[in-house]
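Novice: this one's structure only:
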């Protein structure tokens, strides 16, 4: 599944105005946080600032990819995604299948 989030360029376009590229990234992260449900903001913020574990960062990425619909992660059809084997909530899919 491909999400259609409007992206902010993370290239070094702002350096002409005297702002380093890292500021452009900070602005992009802040804009993204504004659009995220409060329930998922803390996880995204930790993943974006590098303080999350790799597992938590993957969870945040997967949630963003499926527009924060948790059930869509278990039903993910993006089998070519390099994170597909590591996506969260796989045990939940096995539990539902066994019922």
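Specialist: Thanks, I have the structure now. Since the model is a prediction, treat every value here as computed from it, not as a measurement. Residues are numbered from 1 along each chain as shown.
Novice: ok, residue 72 touching residue 66?
Specialist: Yes: the criterion here is C-beta atoms under 8 Å, and residue 72 meets it with residue 66 at 3.6 Å. Quick note: C-beta positions are derived from backbone N, CA and C, even for glycine.
Novice: residue ranges for the helices of the chain, please.
Specialist: Applying DSSP state H to the chain gives helices spanning 21-35, 38-49, 54-65, 70-74, 90-98.
Novice: out of these, which comes closest to residue 83?
Specialist: With C-beta to C-beta, the closest approach to residue 83 among those belongs to helix 54-65: 5.5 Å.
Novice: what's that closest one packed up against?
Specialist: Packed against helix 54-65, as judged by 3 or more C-beta pairs under 8 Å, 6 or more residues apart in numbering; DSSP states H and E, are the following elements: helix 38-49, helix 70-74.
Novice: what mean pLDDT would you report for that helix?
Specialist: Average pLDDT, helix 54-65: 96.
Novice: And stretch 83-94, by the same measure?
Specialist: For stretch 83-94, the per-residue pLDDT averages 85.
Novice: Which positions in that stretch come out as buried?
Specialist: Neighbour-count burial for stretch 83-94, counted by 16 or more other C-beta atoms under 10 Å, picks out 87-89.
Novice: Can you lay out these as TSV showing distance to residue 46?
Specialist: Putting the buried residues of stretch 83-94 into TSV (distance: C-beta to C-beta, whole Å) gives the following:
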residue	distance to residue 46
87	18
88	15
89	18
